[in-house]
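Asker: Prediction below, plus the sequence it came from.
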Amino acid sequence: MSTQNPVFIPGPTNIPERLRHAMNVPTMDHRAPDFVKILEPLLADLKKIFKTEAGTVITFPASGTGGWEAALTNTLSPGDRVLIARFGMFSHRWIEMCQHLGLDVDVIDCAWGEGAPADEYGKRLAADTNHKIKAVLVTHNETATGVTSDVAAVRKAMDTAQHPALLYVDAVSSLGSIDFRMDDWGVDLAVSGSQKGFMLATGMAIVGVSPKAFAAAEIAKCPRCFFDIRDMATANAKGNFPYTPPVPLIMGLRESVAMLLEEGLDQVFARHHRLAEGVRLAVQAWGLRLCATKPEFNSDSVSAIYVPDGFDSNELVNHAYKTYGVSYGVGLGKVAGKVFRIGHLGMLTDTLMLSGLATIEMAMKDLGYSIQLGSGVAAAQEYYRKGR
């Protein structure tokens, strides 16, 4: 049945059977002592995924977008100036949220396919001698273009400018797939979600909060209630939530974190890099090119691939789904109709990845693309064989 096929979209990702079973639980009393024994160790282990000792991990029943809103509203006031680079659809949507919340948004516009420009961040921060900029926002992994940015370089630019702004990072499609170092990079608010590297259903926003961000929450004036990190942290300290939590997702998240730690984070990142390299070699064998403009921008969780002139990437994605029952990502925003996306994160192996490459090859051949059947698969096979 087509529903048994894996998906190759950049999220939601495939859910392992182990996690599906973990979420299949009867009704539980979230006020009972048993729940405390589940929540407390989960929040402690989540800190290992964020690589933070100083920070606190807060979860909300929401998608990653809810995590964005929680980060902004808890630490800023209407009219505060924020600095952010726009280089894809998701950085663009974060900008739109900032504007809706009444923030003064200073946008660094970049070509789609490039990463966050640390040098330009540094210039604007150095020029802000009155420190009107209260927050610096960076999309770590821009899912629309398959680009990963250097967060450490942005932090270095902030430190060089001796600027006190808070550093916010969208890690929705990187956490649990690509190395993320909250403490080492001086990240104050890191936002993720349950549906990508954590391999779960959508529904949990997962936010890392630094002590500096908690201090900012005491004076921030943006309205918040459901997303109040102080209320959540106070309840979490007692082993519960300020309102009814999504218990099945929490049970799944506990098992997901256990899976990541059992595999070992270094091994998780190496597996994602290996999968991504195989895809990139397949793209090269097809004679196509990535949206990412430089190898250092290449994402290990998703590849955005330009189709040749005269072809429509939406038609390709739709054909693959209708004919073979397999999903790939469509192009978004400025690259809509121009790129298709192959997600290679979460519960994927070399052999599953090869099936995704073989299927999109068939779809391209069906639509008259000038490719040799098996060329991309063979390139990836050779790489995967040597990488074992």
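Answerer: Received, thanks.
Asker: List the residues that contact the nearest residue to V247 once chain neighbours are set aside.
Answerer: Spatial nearest neighbour of V247, chain neighbours left out: M28 (5.1 Å); criterion: CB to CB, 6 or more residues apart in numbering. (C-beta placed from N, C-alpha, C; glycine too.) When contacts are counted by CB atoms under 8 Å, 6 or more residues apart in numbering, M28 is found next to 34-35, 247.
Asker: Tell me where the stretch 251-388 of the chain has helices.
Answerer: 265-286, 313-324, 350-366, 375-386 (DSSP state H, counting those that start in this stretch).
Asker: Helix, strand or coil: sort out the spatially most central residue of the chain for me.
Answerer: By CA atoms, centre = their mean, the mean C-alpha position of the chain lies nearest to S173, the distance being 1.5 Å. Three-state call for S173 (DSSP: H, G, I helix; E, B strand; the rest coil): coil.
Asker: so who does it touch?
Answerer: 10-11, 141, 143, 196-197, 299, 301-302, 345.
Asker: please redo it, this time with the cut-off set to 10 Å
Answerer: Going by CB atoms under 10 Å, 6 or more residues apart in numbering, S173 touches 10-11, 13, 64, 90, 139-144, 146, 148, 192-193, 195-197, 299, 301-302, 343, 345.
Asker: do the same with M182
Answerer: The neighbours of M182, taking CB under 10 Å, 6+ apart as the test, are 47, 49-55, 57, 151, 167, 169, 171, 175, 188-190, 208-210.
Asker: L103 and F214: what is the separation?
Answerer: Applying CB to CB, to the nearest Å, the value for L103 to F214 is 20 Å.
Asker: can you map out the strands along this structure?
Answerer: 56-61, 81-86, 104-109, 133-139, 141-142, 147-148, 166-170, 189-193, 204-209, 289-290, 302-306, 329-330, 339-343 (DSSP state E).
Asker: for these, which one sits closest to R155?
Answerer: For the strands of the chain, the distance to R155 is smallest for strand 166-170, at 6.2 Å, taking CB to CB.
Asker: Which elements pack onto that closest one?
Answerer: helix 64-75, strand 81-86, helix 89-100, strand 133-139, strand 141-142, helix 151-160, strand 189-193, helix 211-217 (3 or more CB pairs under 10 Å, 6 or more residues apart in numbering; DSSP states H and E).
Asker: count of residues packed around the closest residue to L348 other than its chain neighbours?
Answerer: Excluding the flanking residues, the one nearest L348 by CB to CB, 6+ apart is L275, at 5.8 Å. L275 has 29 neighbours, counted by other CB atoms under 10 Å.
Asker: How about the contacts made by L275?
Answerer: Residues counted as contacts of L275 (CB under 10 Å, 6+ apart) are 177, 300-301, 303, 342-345, 348-350, 352-354, 356, 380, 383-384, 387.
Asker: Can you give me the pLDDT of it?
Answerer: L275 carries a pLDDT value of 98.
Asker: Likewise for the one 4 residues further on?
Answerer: In the predicted model, V279 carries a pLDDT score of 98.
Asker: again with the one 10 residues further on
Answerer: At R289 the predicted local confidence, pLDDT, stands at 98.
Asker: mean confidence for stretch 174-182?
Answerer: In this model, stretch 174-182 has an average pLDDT of 98.
Asker: Endpoints of it, how far apart?
Answerer: 12 Å (CA to CA, to the nearest Å).
Asker: Flag every buried residue along it.
Answerer: 174-180, 182 (16 or more other CB atoms under 10 Å).
Asker: would you turn the residues you listed into TSV with distance to L83?
Answerer: Listed next are the buried residues of stretch 174-182 as TSV, based on distance: CB to CB, whole Å:
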residue	distance to L83
S174	20
L175	22
G176	27
S177	26
I178	23
D179	24
F180	21
M182	20
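Asker: isn't A270 right up against G387?
Answerer: Yes. In terms of CB atoms under 10 Å, A270 counts as a neighbour of G387; the distance is 9.0 Å.
Asker: quick revisit: output the helices of the stretch 251-388 of the chain in a markdown table, with distance to N240 appended to each entry.
Answerer: As requested, the helices of the stretch 251-388 of the chain are exported to a markdown table (distance: least, CB to CB, whole Å):
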| stretch | distance to N240 |
| --- | --- |
| helix 265-286 | 28 |
| helix 313-324 | 42 |
| helix 350-366 | 38 |
| helix 375-386 | 45 |
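Asker: Look up how far L39 lies from the residue nearest to the centre of the chain.
Answerer: Distance from S173 to L39, by CB to CB: 25 Å.
Asker: hang on, the earlier thing: what about L103 and F214, which has more around it?
Answerer: Between L103 and F214, L103 has the larger neighbour count (other CB under 10 Å), namely 24 against 18.
Asker: how about the more buried one, what does it touch?
Answerer: By CB under 10 Å, 6+ apart, the neighbours of L103 are 72-73, 76-82, 84, 95, 97, 134-135, 137, 222.
Asker: Tell me which two in those residues are the farthest apart.
Answerer: For the contacts of L103, the maximum inter-member distance is 18.0 Å, found between S77 and I95 (CB to CB).
Asker: Neighbour count for these two, which is higher?
Answerer: Neighbours were counted for S77 and for I95 using other CB under 10 Å; I95 has more, 20 against 15.
Asker: quick one, what contacts the more buried one?
Answerer: Counting by CB under 10 Å, 6+ apart, I95 touches 82, 84-86, 103, 105-107, 109, 137.
Asker: at 6 Å instead, please
Answerer: I95 makes contact with 84, 86, 105, according to CB atoms under 6 Å, 6 or more residues apart in numbering.
Asker: And the second one, how far from E296?
Answerer: I take that to be R86. 19 Å.
Asker: which of those two has more neighbours?
Answerer: Using other CB under 10 Å as the criterion, R86 and E296 rank with R86 on top: 22 against 11.
Asker: Hmm, H92 and the more buried one touching each other?
Answerer: Yes. If you go by CB atoms under 6 Å, R86 and H92 touch, sitting 5.3 Å apart.
Asker: low-confidence ranges in the chain?
Answerer: Across the chain, the ranges flagged by pLDDT under 70 are 1-3, 388.
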